[in-house]
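S.K.: need a 3D model of the sequence below.
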Amino acid sequence: MSGSVAYEITHVSRYRYAFPARECVMLLCLKPRSDGGQRLLDFEIGARPAASLTGETDGFGNARHVLYLHRPHDCLDITARSTVEPAPPVPLPGNLGADSWREILSWSESFDLWDFTRPSALARPSPRLDNFVVRNGIERGDDPLEGLSQLCYSIFRSFDYVPGSTSVASPVEHILESGRGVCQDYAHVMIAIARSWGIPSRYVSGYLNVTGQPGEQAVGNATHAWVECLLPGLGWIGFDPTNESLVDRRHVRIAVGRDYQDVSPTQGVRQGGGVTRLGVDVKMRQNSAGPADPPET
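M.R.: Numbering: from 1, shown residues only. Modelled structure (predicted):
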């Protein structure tokens, strides 16, 4: 794909309560990153009813907003609007060579990479994960880039993408037991295995353009998750095991973390309200020339 690409994205989260909530405090992770070749051209966020919004930056460099609403309300709409120019794909060599493993393993005691080389709550070792690796003949191999590419393919072919088959709190055991999951589960499995090889790996939340044509609008579930792995001489490289692909200009990064828990779009506490329903509506419009290839799933 040639030429520059930019996306206009509207992300609406709608909370509906059984009866009025007295107040709520929420942590929002909805502002796309502006790094790694990606440029955030414009961003705004608001709430209805009107609420106090305070910006901050977390320990992973993600932009967050703290929402305070201290009066009775029976609904809450949070709207984030972004204009983003995604990063161009990184040209990759055919392989990195066996010597690259020596450098990767030297990172094991790095303080800066500690969070991305150790197990996390939703991406952790387990006997079931070990069985999955053995059953599918998954090995790190002589070259880390080739090993990760094969791992991405193995995960893609091993599971069925079934919306609603897991929850946001599901550890890797759930998809390994059922064979069904969604993008966050595919990402957690790949992260857990890559970390077991010593490769620093992080979870990425973001958006995926599913139309592939300028002017067309992706409506509905355009939210997505994938993996970034740190490789010698290349930096952080994105792998999308849900689509068996490298990350490209279809992908817009919001935040990075150890797993989903670090980058949840909305989370918080409230007083009152009873049973809550959450609806999410994402619209993503490509507003430039240069068509993108459609994803496989």
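S.K.: drop to CA atoms for contacts and neighbour counts, all remaining ones
M.R.: Fine.
S.K.: any idea how far residue 148 is from the spatially closest residue to residue 194 that is not a sequence neighbour?
M.R.: Leaving aside its sequence neighbours, residue 194 sits nearest to residue 201 (Cα to Cα, 6 or more residues apart in numbering; 6.6 Å). For residue 201, the distance to residue 148 equals 11 Å [Cα to Cα, to the nearest Å].
S.K.: now do residue 276
M.R.: 40 Å.
S.K.: neighbour count winner among those two?
M.R.: Neighbour totals were compared for residue 276 and residue 148, and residue 148 leads with 21 against 12 (other Cα atoms under 10 Å).
S.K.: for the residue nearest to residue 194, phi and psi?
M.R.: phi -140, psi 140 (degrees, to the nearest 10).
S.K.: what does residue 91 give?
M.R.: According to degrees, to the nearest 10, residue 91 has phi -60, psi 130.
S.K.: coming back round to it: what's the overlap in contacts for residue 201 and residue 148?
M.R.: residue 194 (Cα atoms under 8 Å, 6 or more residues apart in numbering).
S.K.: strands of the stretch 1-150 of the chain, start to end?
M.R.: Secondary structure of the stretch 1-150 of the chain (DSSP state E, counting those that start in this stretch): strands at 7-28, 39-48, 52-57, 63-69, 73-85.
S.K.: now for the most centrally placed residue in the chain: which residues touch it?
M.R.: The centroid of the chain falls nearest to residue 205 when counting by Cα atoms, centre = their mean (2.1 Å). Residues near residue 205 by Cα under 8 Å, 6+ apart: 223-226, 253-256, 260, 263.
S.K.: nearest to residue 42, of the residues you listed?
M.R.: Using Cα to Cα, residue 254 is the member of the contacts of residue 205 that sits closest to residue 42, with 13.4 Å.
S.K.: any idea which element the closest one lies in?
M.R.: In this assignment (DSSP states H and E), residue 254 forms part of strand 251-257.
S.K.: who's in contact with that strand?
M.R.: Against strand 251-257 from outside (Cα under 8 Å, 6+ apart): 29-33, 38, 60, 62-63, 84, 86, 202-209, 262-263.
S.K.: list only buried entries from those.
M.R.: Buried members of those, scored by 16 or more other Cα atoms under 10 Å, are 29-33, 38, 62-63, 84, 86, 202-209, 262-263.
S.K.: so which of these sit within helices?
M.R.: 262-263 (DSSP state H).
S.K.: continuing past the helix or strand bottoming out on mean pLDDT in the chain, what's the next helix or strand?
M.R.: Sorted by mean pLDDT, DSSP states H and E, the helices and strands of the chain end with strand 217-220, the least confident at a mean of 48. Next along the chain after strand 217-220, taking DSSP H and E as the criterion, comes strand 223-231.
S.K.: nearest to residue 164 among the strands of the stretch 1-150 of the chain would be which one?
M.R.: Within those, the stretch nearest residue 164 is strand 7-28; the backing value is 17.7 Å (Cα to Cα).
S.K.: show me what the closest one is packed up against.
M.R.: strand 63-69, strand 73-85, strand 266-272, strand 276-286 (3 or more Cα pairs under 8 Å, 6 or more residues apart in numbering; DSSP states H and E).
S.K.: my read: residue 138 touches residue 151, true?
M.R.: Yes: counting by Cα atoms under 8 Å, residue 138 does reach residue 151; the two are 6.7 Å apart.
S.K.: so these two - more neighbours on which side?
M.R.: Set residue 138 next to residue 151 and count neighbours by other Cα under 10 Å: residue 151 wins out with 24 against 17.
S.K.: what's next to the helix or strand containing the more buried one, contact-wise?
M.R.: Secondary structure from DSSP H and E places residue 151 in helix 144-158. With contacts defined as Cα under 8 Å, 6+ apart, helix 144-158 is touched by 94-98, 100-101, 136, 138-141, 179, 186, 189-190, 194, 231, 239-245.
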